[in-house]
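Participant: This is a predicted model, with the sequence first.
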Protein chains: 2
Amino acid sequence: MSNVNEAFIKPFPNSNKIYVQGSRKDIQVSMREIILTDTIGELAEKNAPIHVYDTSGVYTDPNVKINLRKGLGNIRATWIEQRNDTEILTKLSSNFSNERREDAQLDVLRFEHLQVPRRAKNTKNVSQMRYAKQGIITPEMEYIAIRENCKWQEYKDQIGQHEGESFGANIPDVITPGFVRDEVARGRAVIPANINHPETEPMIIGRNFMVKINGNIGNSALGSSIEQEVDKMVWGIRWGADTIMDLSTGKNIHETREWIIRNSPVPIGTVPIYQALEKVNGIAEDLTWEVFRDTLIEQAEQGVDYFTIHAGVRLQHVPLTINRITGIVSRGGSIMAKWCLAHHTENFIYTHFEDICEIMKQYDVTFSLGDGLRPGCIADANDAAQFGELETLGELTKIAWKHDVQTFIEGPGHVPMQMIKNNMDKQLHECSEAPFYTLGPLTTDIAPGYDHITSAIGAAQIGWYGCAMLCYVTPKEHLGLPNQDDVKQGIIAYKIAAHAADLAKGHPGAQIRDNALSKARFEFRWEDQFNLGLDPDTARKYHDETMPKQAAKTSHFCSMCGPKFCSMKITQEIKTMDVEEIAKINAIQVEMDKKSVEFLNNDSEIYMKKGA
Amino acid sequence: MSNVNEAFIKPFPNSNKIYVQGSRKDIQVSMREIILTDTIGELAEKNAPIHVYDTSGVYTDPNVKINLRKGLGNIRATWIEQRNDTEILTKLSSNFSNERREDAQLDVLRFEHLQVPRRAKNTKNVSQMRYAKQGIITPEMEYIAIRENCKWQEYKDQIGQHEGESFGANIPDVITPGFVRDEVARGRAVIPANINHPETEPMIIGRNFMVKINGNIGNSALGSSIEQEVDKMVWGIRWGADTIMDLSTGKNIHETREWIIRNSPVPIGTVPIYQALEKVNGIAEDLTWEVFRDTLIEQAEQGVDYFTIHAGVRLQHVPLTINRITGIVSRGGSIMAKWCLAHHTENFIYTHFEDICEIMKQYDVTFSLGDGLRPGCIADANDAAQFGELETLGELTKIAWKHDVQTFIEGPGHVPMQMIKNNMDKQLHECSEAPFYTLGPLTTDIAPGYDHITSAIGAAQIGWYGCAMLCYVTPKEHLGLPNQDDVKQGIIAYKIAAHAADLAKGHPGAQIRDNALSKARFEFRWEDQFNLGLDPDTARKYHDETMPKQAAKTSHFCSMCGPKFCSMKITQEIKTMDVEEIAKINAIQVEMDKKSVEFLNNDSEIYMKKGA
């Protein structure tokens, strides 16, 4: 494992990494501040910097030396210790973990600075939900409040923003730590923050916060190394992934996961059934509760922040998929369906759900209740199998909440636009507003190679309607394993969808970046336009393809129209019109309106006579 | 001008170019038939071919020899002649055209086989709208009816499709020539079909037909040659552009346009004010009605099918843009605003609107009433300037209809999601359901380099709400002139948006392609999956990146999950379950449900006690 690619960690152009301090010195919330140049010419003015939510962690902080072999600093360690409700384990609780640790052959793959895992004392509950219900505001909650505000409260009132349509979301003007607590206590938001992942910068998933996105990484039996996967994680968070799911199914996934977690400032999710299946040599029928349980503990002690758990794939649902065009497309769903059929009995994850809750709460692992029966094509959308499972997920949510285990719900998949809102509304209803986390949805099946786009369309809509986190889809979906560029394409498409949703919901301050970028565009501040965009590198590259010279960065036109035709240039002149000139126009207009009325009256008459 | 790039005209894989004959032998409607392979294994069956709307003209017909120097065949020539209401001109009616034709220096650029233009006899009206109002079904209308049905009426009833939400659109189950006529007569649809562009394969734009897309091409003062622009046109229609707008602003645009039109099987639109401005050396104040009029006639006699006419930018609207962040962003709009201000008088295009109608109807040029005041950023969406202009466009629509001139309306631009429907509804109301034709809209400003995605999100929605044609946006929007790959990226993003809209509206038969592709995907018919997609080349390329061998095209897994984990494979086994097995499951379930009810009751009780 060499060190990280320099391109992955270079600071963003004209940007500062800033840290906003909370009520205690060790709450240092990182944000990106984008510095803007001055407006020149007749409309000259200073342009204040703006702030944007930053998922890239210290990787983009030039003052921090990155060493993947050491992992990140543990910003949450003190907070966890001070709660004094966890203990440091002397040995790992999972048999599998111990076997791997003792296997000298794996030393070359192993992350060197393995941490000692923690667990709740006396099977206590250390979930953020438990604290919230007890009225406690944790440092994590305060961190999140500062982070979600993005310093916008300092200047957003000077910025025009359209009224949103929130469909029942209630995003306050300023996020307080108390609001964060209340939303977590209510189950309407989750803070995925395993006590064994102290490296995480706390973040929240809920419909009354900014819409989040997830990026998937993970090797398969056919390709990619540990190094590539860690690279993809760093690359993914650079472009804006709020969480990363490690979906590895190949060799050495235990070791790969350790590397990823130790280096990740964002929550990591997994699908433990994938690894459990590896342990039984890929034979679904051979899965047992014991193997699965050991896997949950193994991963919980590594620090996985949320588990996709396919507890809703019940035996009775399986025959409902028989007439589908694409049957069961979720890997976890199909594994459990196969298990149920082979044993002719109920899904053991369902029957052991409360046992799982007991594990989750000792590490504060959050449930991502998997939609094993999500539709795999437009034809199968919103069918009895999917909705049947969703109803079960609603029941399970209540059970998880009974245990004060944080929970969110996975959703589709493939859904045509006119059926997306129904899906969202049913989820809110069945799952008592537990956060929804959807894969897209893809709004058509006919564009393999472009499913980041087919699904960004659906993701923007479901985000608007109330979905809290959008799982990205890359251009390679349905075709192959995404490479580094695919990861970026998927992330950017989903940042667009999430932000479009925030704007549509009327998230206070969401329009700041749009307005700043558009003002820069109008004023030909090319560098500012690039730097305010989601991907400054690509914007600059595209501009340079037709106007490569540095002087073109200050020119008052671009290659689309050329120097004579620029509409922006012409309308800048209009901007500088004075009041007298406007008055003159209005006077002329009054005269012309008279003529115009006659003109239109004549026309209407003729028009009416003829009918049309 | 060399011949066309072979890559641009190779037939689509496993596809036939077929021609469906109408009531007369010279109505031969081209479509693409995609041949599918058989399903093998336990679920073995034949898969019938499906048909898709095809914009690529004879370029993808291996039986037709393409020669760009000669241009396409004139499929509409006989129809136009037989109507016996046009005459062949002995000389061009535009002064500028005559000057260009007589300039020997331009010979090297000139299209060789210049046609002799036609014009209506005795200033008659030769518009499809006039014929429609007279109750005539033209061959163009019949062609369109056959084309829009796509042969789907032969098999769509066997295909499941979700109910749509059409928001007031009324798409019949089968499109008849009479329905086409009625929609055109009502003004709810247009057939852009200049009598001087007999090469066009007739197509229709209206909310009760498939949603269409437009691709823009055109050189600017800073780059690209005639050859590149013709190439872009051929490339654009290959991927699905229903019309092409030539937005050239550089040198030799008269000659460029001739090459494009003579080789285009889709309608060509232009913005004549661009060329008029060239004629006055780029000085907006120097524009005159005479120069503009001569340009309209020049282009009408070349065969331009629709003109963007910025008649709605009235003097009184100009001050309404003064507080905008991005002022006026439409080139045409800013030119006319500048003219109005310089002369302190009303827009001459507005005051001469009826004179323009007189020109339009002699060639059957369709109005695309330009939205010169469309918002250029999220902040400026749906403001007084835009809506003021839209109201004027509504008045002008009535005047155009009085003259039986076909008309559609251009729309924004940049609009956040929650304001898109309002924009659409206002257009339908103000413009009496004349077709709407929008640029995107972009749903956020923060992603330069990805505006094909920011706008595909908005385009899919406005298409669903009733927009008839979506003008594409490429990744280079705001940054530079699109190259060939950008054109393709823009087209594919918009084919996705348009198709997602058709699905959501419940267009009868729209789901056929989705279902066929998903069935192929589920059955591991990889080649069929690629071929049914919008871009078979890219799908195949992406698949081959991780599984390049030909054998992988028939393997029952892919690189995402590898051979052991494939969910599709597992669920194929479920598909083959028999009735007895299902009955057994149901019996088991009855037993388990009893336990389950107890289990849940207990939980609910505990849950209720605690409250949450």
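Facilitator: Everything's here; your move. Numbering: from 1, shown residues only, chains lettered A, B, ... in the order given.

Participant: which phi and psi does A:Glu45 have?
Facilitator: A:Glu45 adopts backbone torsions of phi -170, psi 160, taken as degrees, to the nearest 10.

Participant: confidence score at the residue nearest to it when sequence neighbours are not counted?
Facilitator: Distances taken as Cβ to Cβ, 6 or more residues apart in numbering or on different chains place A:Thr39 nearest to A:Glu45, at 4.8 Å, with adjacent residues excluded. Backbone N, C-alpha and C define where each C-beta goes, glycine included. With respect to pLDDT, A:Thr39 scores 93.

Participant: How about the contacts made by A:Thr39?
Facilitator: A:Glu45, A:Lys46, A:Asn47, A:Lys519, A:Glu523, A:Arg525 (Cβ atoms under 8 Å, 6 or more residues apart in numbering or on different chains).

Participant: One more pass at 7 Å, please.
Facilitator: Applying Cβ atoms under 7 Å, 6 or more residues apart in numbering or on different chains to A:Thr39 gives the contacts A:Glu45, A:Asn47, A:Glu523.

Participant: same deal with A:Ser264?
Facilitator: A:Glu199, A:Met233, A:Ile244.

Participant: Helix, strand or coil: sort out A:Arg147 for me.
Facilitator: What DSSP: H, G, I helix; E, B strand; the rest coil gives for A:Arg147 is helix.

Participant: For A:Pro202, see how far away the nearest residue to it once chain neighbours are set aside is.
Facilitator: Spatial nearest neighbour of A:Arg147, excluding adjacent residues (Cβ to Cβ, 6+ apart): A:Val29 at 5.0 Å. As judged by Cβ to Cβ, to the nearest Å, A:Val29 and A:Pro202 stand 9 Å apart.

Participant: With secondary structure, neighbour count and pLDDT as added columns, please give the contacts of A:Ser264 in a markdown table.
Facilitator: Shown next, in a markdown table, are these (DSSP: H, G, I helix; E, B strand; the rest coil; neighbours: other Cβ atoms under 10 Å in any protein chain shown; pLDDT from 0 to 100):
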| residue | secondary structure | neighbour count | pLDDT |
| --- | --- | --- | --- |
| A:Glu199 | coil | 23 | 98 |
| A:Met233 | helix | 26 | 94 |
| A:Ile244 | strand | 28 | 98 |
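
Participant: Which parts of the stretch 201-350 of chain A are strands?
Facilitator: Secondary structure of the stretch 201-350 of chain A (DSSP state E, counting those that start in this stretch): strands located at A:205-206, A:212-217, A:243-246, A:268-270, A:306-309.

Participant: any idea which of those is most buried?
Facilitator: Among the strands of the stretch 201-350 of chain A, strand A:205-206 has the highest mean neighbour count (mean count of other Cβ atoms under 10 Å in any protein chain shown), at a mean of 28.

Participant: shaky segments in the stretch 101-250 of chain A?
Facilitator: A:220-224 (pLDDT under 70).

Participant: quick revisit: and the residue nearest to A:Arg147, its phi and psi?
Facilitator: phi -90, psi 120.

Participant: again, but for the one 4 residues further on
Facilitator: A:Glu33 adopts backbone torsions of phi -110, psi 120, taken as degrees, to the nearest 10.

Participant: Please name the residues that touch it.
Facilitator: Counting by Cβ under 7 Å, 6+ apart, A:Glu33 touches A:Ser15, A:Asn16, A:Ile18, A:Pro49, A:His51.

Participant: measure it to B:Arg525 for me?
Facilitator: 52 Å.

Participant: between A:Val29 and A:Pro202, what contacts are shared?
Facilitator: Listed as contacting both A:Val29 and A:Pro202 by Cβ under 7 Å, 6+ apart are A:Tyr143.

Participant: Which stretches in the stretch 351-500 of chain A count as helices?
Facilitator: Using DSSP state H, counting those that start in this stretch, the helices of the stretch 351-500 of chain A run over residues A:353-363, A:384-402, A:420-430, A:451-465, A:484-505.

Participant: Can you check which of the ones you listed gets nearest to B:Ile574?
Facilitator: Nearest of the helices of the stretch 351-500 of chain A to B:Ile574, taken as Cβ to Cβ: helix A:384-402 at 10.9 Å.

Participant: which strands and helices sit next to that closest one?
Facilitator: helix A:353-363, strand A:366-369, strand A:407-411, helix A:420-430, helix B:579-610 (3 or more Cβ pairs under 7 Å, 6 or more residues apart in numbering or on different chains; DSSP states H and E).

Participant: Give me the mean pLDDT for stretch A:82-98.
Facilitator: Mean predicted confidence for stretch A:82-98 is 95.

Participant: Quick one: end-to-end distance for that stretch.
Facilitator: 28 Å (Cα to Cα, to the nearest Å).

Participant: how about it: buried residues?
Facilitator: A:Arg83, A:Asp85, A:Thr86, A:Leu92, A:Ser93, A:Ser94, A:Phe96, A:Ser97 (16 or more other Cβ atoms under 10 Å in any protein chain shown).

Participant: about what we covered before: which stretch in the helices and strands packed on helix A:384-402 is the model least sure about?
Facilitator: Looking at those, the bottom one is helix B:579-610 with a mean of 55.

Participant: which ones are touching A:Gly57?
Facilitator: Residues near A:Gly57 by Cβ under 7 Å, 6+ apart: A:Leu72, A:Glu201, A:Ile237, A:Pro265.

Participant: Compute the distance between it and chain B, please.
Facilitator: 21 Å (Cβ to the nearest Cβ, to the nearest Å).

Participant: A:Gly449 now?
Facilitator: 4 Å.

Participant: Compute the number of surrounding residues for that residue.
Facilitator: By other Cβ atoms under 10 Å in any protein chain shown, 25 other residues sit near A:Gly449.

Participant: What of A:Glu581?
Facilitator: 15.

Participant: same check, this time on A:Asn67
Facilitator: A:Asn67: 12 neighbours (other Cβ under 10 Å).

Participant: Then it would be within a helix, right?
Facilitator: No. With three-state DSSP as the criterion, A:Asn67 is located in coil rather than a helix.

Participant: any chance of the contacts of A:Gly57 in JSON lines, with distance to B:Asp425 and neighbour count too?
Facilitator: Shown next, in JSON lines, are these (distance: Cβ to Cβ, whole Å; neighbours: other Cβ atoms under 10 Å in any protein chain shown):
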{"residue": "A:Leu72", "distance to B:Asp425": "51", "neighbour count": "22"}
{"residue": "A:Glu201", "distance to B:Asp425": "43", "neighbour count": "25"}
{"residue": "A:Ile237", "distance to B:Asp425": "41", "neighbour count": "26"}
{"residue": "A:Pro265", "distance to B:Asp425": "45", "neighbour count": "22"}
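
Participant: and those as CSV, adding distance to chain B?
Facilitator: Shown next, in CSV, are the contacts of A:Gly57 (distance: Cβ to the nearest Cβ, whole Å):
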residue, distance to chain B
A:Leu72, 28
A:Glu201, 22
A:Ile237, 18
A:Pro265, 23
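
Participant: ok, which pair from these is furthest apart?
Facilitator: Farthest pair in the contacts of A:Gly57, by Cβ to Cβ: A:Leu72 and A:Ile237, 11.3 Å.

Participant: joint contacts of those two?
Facilitator: A:Gly57, A:Pro265.

Participant: still on that earlier bit, looking at A:Val29 and A:Pro202, which has the bigger crowd around it?
Facilitator: Higher neighbour count among A:Val29 and A:Pro202: A:Pro202, with 25 against 22, using other Cβ under 10 Å.
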